[in-house]
Structures are given as structure tokens and as C-alpha cells.
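# Below are the sequence and a predicted model for it; my questions follow.
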Amino acid sequence: MSDHPATTALDALAADYWDAFLETDPIFATTIGDPRFDDRLPVMTAGERAAARSRFAALLARLDALPATDGDPAAATTRSALRESLDGDIALLDTGLAAWNVDPLDGLPTHLLDVPEFQRHGTPAERETMLERWRAMGPYTDAFTASLLRGLGEGLVACRSPVDRTAGLLAELLDTTDEAWPFLAPLADPAHDGDAAFATGLRDAVARQIRPALARLHEALVTEIRPAARPPERPGLCHVPGGDAAYGRLVRLHTSLELSPDELHRTGLAEIGRIDAEMEALAGRTIGSRSRADAIARLRADPALHFGTRCEVHAKAIEALARATAAIPAWFGRLPVTPCEVVDMPPHEEEHSTIAYYRQPAEDGSRPGQYYLNTSHPETRPRYEAEVLAYHESVPGHHLQIAIAQELDGLPAFRRHLGPTAFFEGWGLYTERLADEMGLYGGDLDRVGVLSFDAWRASRLVVDTGLHAMGWTRQRAIDYMTGHTALAPNNIENEVDRYIVMPGQALAYKTGQLEILRLRDVARERLGAAFDIRAFHDTVLGNGAIALPTLRSIVEAWAAGPAAGPAA
């Protein structure tokens with residue numbers, strides 16, 4: 001680090017921000033292997049949220065007061081990234097969404113049920129920390145229930161479909177014994193056989209704290225929230241008090257660009273038009289379809305194009321990951337040290353979750369990057385989508401980008417772990433077509449999957465803005481995606497419900513992909529024969545996840561320089 005006073009002050013501010021962020025979201029700290037807050041849970045009450053906002057605002061004021069760091073590009077990037085992160089944290093709190101939203105994918109109880117998978121409990125101190133967090137889950141859940149009821153009194157209430165999904169998930173959970181719950185899974189570790197106090201404490205926390213609180217949440221959802229929930233005809237934020245302003249903040253947060261919902265909607269329609277034409281041509285050659293509608297119908301209906309067992313779904317993902325891992329040295333100069341593994345999604349989340357997701361490695365190397373795969377209902381999982389899904393979630397997609405970022409030792413911690421959604425998801429989508437350039441797809445049928453996935457992300461621009469800014473119904477969103485992608489109907493319903501509970505997040509994919517593709521074209525045009533795809537990728541990934549305007553400045557400066565080496 002520089003000894004320049006301005007840079008030193010910026011480094012200190014970046015470290016203070018990182019601590020503040022992790023204290024606000026201690027479960028995230030646990031997932032990346034930082035154990036300092038393993039006894040805590042995220043902010044939940046109105047007072048805690050207000051305090052977090054004040055803390056972020058004070059950090060932003062400190063940033064504004066820092067002297068200029070002229071002539072130091074690295075410091076300028078850190079300053080820009082810190083402002084982006086702080087503005088985003090404040091904007092997210094200002095939406096108030098977390099106070100009344102019901103989210104079966106990433107909210108209660110799912111995000112608590114996931115914790116046992118990655119929280120350490122190998123030492124007596126770690127087991128005591130786990131007990132403290134488990135004991136806090138009851139009051140934490142009760143605080144969420146109270147927040148939902150308070151929002152109800154202010155006219156802020158979730159949409160019926162995610163409420164039904166969450167209530168159903170809770171009902172299934174409450175209908176099983178404590179011993180079957182993930183919260184008691186650590187007791188299966190034989191290393192704890194002699195720790196009777198730990199076993200008693202964990203069981204007591206589940207029986208006396210967690211189960212009663214989840215039962216109270218279920219009761220509130222069924223008897224009070226669901227009767228008042230917004231119907232599927234009014235699922236978007238535009239039907240909630242203050243929803244238009246909240247959606248505007250979320251659009252900026254997830255895209256890192258100043259774009260209106262109308263602009264994003266039009267971009268989505270244009271992309272869908274382009275992809276529809278490509279799909280008709282490619283599907284005509286591969287399966288003999290006569291039109292896009294015929295192609296989509298055949299892709300959904302033919303059992304031969306779908307998996308037969310969970311094991312087949314899992315095995316295909318492992319095969320694709322291995323093939324991509326072998327190919328990346330020719331396309332990337334910087335490679336991650338941390339490996340990636342395929343993990344089947346646990347039963348408590350697979351029914352209501354999306355088709356896959358990625359979980360970042362623990363920073364200390366104790367857990368690799370993990371490609372979580374939904375293997376439920378394998379007959380609905382298309383074979384032609386398996387490869388593109390693997391490349392997006394693992395290598396060269398999320399794992400490559402996130403693991404590399406974590407290993408950039410010269411960057412402040414927040415830059416190695418955080419960043420705008422448009423960078424993370426834009427990169428993932430960019431790599432779906434990059435994988436074709438890398439020769440990773442088995443044939444044209446797999447490329448049909450690429451087009452279906454591209455249409456899926458383009459339709460998100462249309463559907464997300466349609467729901468939250470234009471008053472679309474849930475069914476209209478489902479119908480639109482049904483007509484323009486080959487996704488299975490159950491996946492489409494899960495996806496639309498995801499957009500309902502995560503407003504704006506779906507806009508990031510296409511926005512980021514289109515910008516990375518544009519920057520690559522700019523660099524190739526400027527550098528001509530000197531353009532090096534490995535150097536381009538190293539430049540894009542060499543600064544962690546950054547806002548798209550900042551990425552634009554970095555890539556354009558690299559492309560304008562005398563050498564074609566990476567600007568990392």
C-alpha cells in the first residue's frame with residue numbers, strides 16, 4: 001500500500017467499511033470464511049436498520065472529505081468502488097424492502113437453514129459460537145414476523161405467491177422432527193460425540209427457540225399476511241406505497257448505470273427479437289422445427305431431450321466443469337488457485353429455488369467454490385441446457401471471476417468480495433457464448449440451450465420492468481417467458497416469483513453482458529492485430545467486481561495504451 005496520506009486514509013476507510021458491511025451481514029462473513037461474527041445474525045429490527053444506515057452514511061461523509069488521490073489509478077478505482085458500495089447499501093436500506101418482503105429463495109427460513117452447511121464447529125470455541133447464533137435465531141425470526149405485521153399496518157405487504165411458497169416450506173419443515181432439521185446436522189459429526197453440552201445446547205436452541213419462532217412466523221403468514229397479500233394481478237413494486245422510487249433505486253443498484261425502466265424494457269424487446277430469429281434458424285437445422293413456437297414446444301415435450309435421473313444431471317455438470325477447467329489456460333492469463341465442485345441443492349430449498357446458483361469459496365481455502373445444482377424433477381431438466389448452465393455458474397463463469405477476485409491480494413477486502421450485480425451476472429452471461437468460442441459445447445443442440453438462456457436473460461429485462469414499473473400481472477410475465485424461452489414451465493414459475501421478490505436483480509445479466517461485449521469490440525477495433533483475448537479477460541477480471549462505468553474507463557485506457565498487456 002502507498003504511504004501517501006490520502007491513500008493511507010482511503011485504505012483505512014476501506015477497512016472500516018468492510019467491517020461495517022460484515023457486521024450488517026454476518027452470515028455473508030461466515031460464507032467467505034471470516035469467523036469474527038459467527039455468533040451473530042443480520043440486522044433485522046427497524047432500529048438496527050437505522051443504525052446501519054447511519055453508519056454507512058458516516059463512512060460516505062468520510063469518503064467525501066478525503067483529499068484527492070491524483071495520479072494513482074488504483075486508489076481512484078478503490079474510491080469509485082467504495083462510493084458505489086456505500087451508495088448501494090444506503091439505497092437498499094432506503095427501499096425498506098427487507099422489512100416486509102417475503103422471499104422463499106433467500107429469506108426466512110431458507111437463509112437460516114443454509115447456515116449449517118458452512119459454519120464451522122470443529123473446536124470448542126467454534127461450537128460455543130454456533131450455539132450463540134442458534135439461540136439468536138428465535139428472536140431474529142420473531143423480529144422478522146413483527147416487521148411483517150408492522151408493514152402490513154402501513155400498506156406494505158408481499159405478493160401472494162411467495163407468501164404461499166414460504167408458508168408451504170415452513171409447513172413441511174414444521175411437520176418433521178427436530179432431528180431431521182439442518183440445524184442439528186452438526187451433531188452427526190463423530191468428532192462431537194464427547195461434547196454432551198454442545199449436543200444438549202443445540203437441541204435446546206432448536207426446540208425452545210427456533211421451532212416455536214418458525215411456528216409463529218408460519219401462523220402469521222397464514223392468518224394475517226396471506227389474506228392481505230397482493231394478488232397475482234398486482235405483484236410489482238408499482239402497487240406498493242413508495243414502490244416506484246424504491247424500484248428506481250434498485251435499478252441503479254443492480255445495473256450500476258443511470259437507466260430508466262423504459263430504456264431497459266426496450267433493450268429487452270430488441271434482444272428478444274434478435275434471439276428469436278437465431279433460435280428459429282438453429283432449431284430448424286437441429287430438430288426440424290418450422291417456427292419458434294414449434295421449436296419451443298418440441299424442446300419442452302421430447303423426453304429424449306431431458307434427463308431421466310438426478311445422477312445424470314449431476315454427472316453432466318461434473319463433466320462440463322472438467323472440460324472447461326482444462327480449456328481456460330488458452331483464454332485467461334490469470335487463473336484461480338481455488339477449485340470448484342458440484343453440489344446438489346439440499347432438499348429444503350430445491351422445490352422453490354432456481355435451477356442453480358454459485359457459492360463463493362471460503363477465503364482461507366477451507367471450502368472450495370461450489371456450483372449448487374437443482375436436481376429435483378430431472379425429467380424437467382433439459383440436456384441441451386446442462387452445459388451452458390455449468391459454464392455460467394462455474395468455469396469460465398462465476399467461479400473463475402469470483403475466485404480470481406478473492407485472490408487479488410493487493411486489493412482492499414471489500415473489492416475482493418463485493419461489487420455490482422451487473423458485473424457478477426454480466427460476466428456469467430458473457431461466458432455462456434464465450435464457451436462456444438472456446439469449443440466447449442458438444443454440438444448444435446447445446447447451442448440451442450445457449451440461445452434459450454440468452455432469451456431467458458433478455459426476457460428478464462422485459463418481465464422485471466413489466467412487473468415492477470408497468471403493472472404486469474404474474475401470469476403475463478409467465479406467458480411472455482413461456483413464449484420466448486425453452487425453459488420448463490416449473491422453472492419459469494420459479495423464475496417469475498424470484499423477480500417478484502428480488503426487484504431489479506434480473507436486470508443485471510443482460511446489462512452487464514452487453515457492456516462487456518461492447519468493450520471487447522472497442523478494444524479489438526483499437527488494437528487490431530495486437531488484440532489478445534487473454535489480456536482482455538485479465539484486464540476485465542483484474543480489479544474485482546466494479547461498476548460498469550469504472551470497467552469502461554479501465555478497458556478503454558488499456559486499449560488506448562502502447563502495449564496489449566493486462567491493465568490489472
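In hand now; what should we look at?

# Residue 183 versus residue 109, what's the distance?
Here the criterion is Cβ to Cβ, to the nearest Å. By it, residue 109 lies 10 Å from residue 183. Placement of C-beta: from N, CA and C, glycine included.

# Repeat that for residue 544.
For residue 544, the distance to residue 183 under the criterion Cβ to Cβ works out to 34 Å.

# Against residue 257, how distant is residue 423?
As judged by Cβ to Cβ, residue 423 and residue 257 stand 11 Å apart.

# try residue 108
Distance from residue 108 to residue 257, counting by Cβ to Cβ: 32 Å.

# Which of these two has more residues huddled nearby?
residue 108 (24 against 19; other Cβ atoms under 10 Å).

# Secondary structure element holding the more buried one?
Residue 108 is part of no helix or strand when elements are defined by DSSP states H and E.

# go on, residue 74?
helix 73-95.

# Show me which residues of that helix are buried.
In terms of neighbour count (16 or more other Cβ atoms under 10 Å), helix 73-95 has its buried residues at 74-79, 81-82, 84-93, 95.

# helix or strand right after it?
Next in sequence after helix 73-95, counting helices and strands by DSSP H and E, comes helix 97-100.

# Return the list of helices and strands in contact with that following helix.
When contacts are defined as 3 or more Cβ pairs under 8 Å, 6 or more residues apart in numbering; DSSP states H and E, helix 97-100 packs onto helix 46-65, helix 124-153.

# Go through the ones you listed and name the closest to residue 540.
In this view, those are compared for proximity to residue 540 by Cβ to Cβ, and helix 46-65 is the closest at 25.3 Å.

# could you give the angle of the closest one to helix 73-95?
Between the direction of helix 46-65 and that of helix 73-95, the angle (axes from the mean of the first three to the mean of the last three Cα atoms, to 10 degrees) works out to 150 degrees.

# List the contacts of helix 46-65.
With contact meaning Cβ atoms under 8 Å, 6 or more residues apart in numbering, helix 46-65 is reached by 13, 16-17, 20, 24, 43, 79, 82-83, 86-87, 89-90, 93-94, 98-99, 147, 150.

# all helices for the stretch 301-450 of the chain, in order.
310-327, 347-350, 383-393, 398-406, 413-417, 421-437, 444-469 (DSSP state H, counting those that start in this stretch).

# Can I get these in JSON lines including mean pLDDT, mean neighbour count and distance to residue 338?
Written out in JSON lines, the entries for those read as follows (pLDDT from 0 to 100; neighbours: other Cβ atoms under 10 Å; distance: least, Cβ to Cβ, whole Å):
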{"stretch": "helix 310-327", "mean pLDDT": "98", "mean neighbour count": "18", "distance to residue 338": "12"}
{"stretch": "helix 347-350", "mean pLDDT": "84", "mean neighbour count": "18", "distance to residue 338": "24"}
{"stretch": "helix 383-393", "mean pLDDT": "97", "mean neighbour count": "26", "distance to residue 338": "15"}
{"stretch": "helix 398-406", "mean pLDDT": "98", "mean neighbour count": "25", "distance to residue 338": "5"}
{"stretch": "helix 413-417", "mean pLDDT": "97", "mean neighbour count": "21", "distance to residue 338": "12"}
{"stretch": "helix 421-437", "mean pLDDT": "98", "mean neighbour count": "23", "distance to residue 338": "16"}
{"stretch": "helix 444-469", "mean pLDDT": "96", "mean neighbour count": "25", "distance to residue 338": "25"}
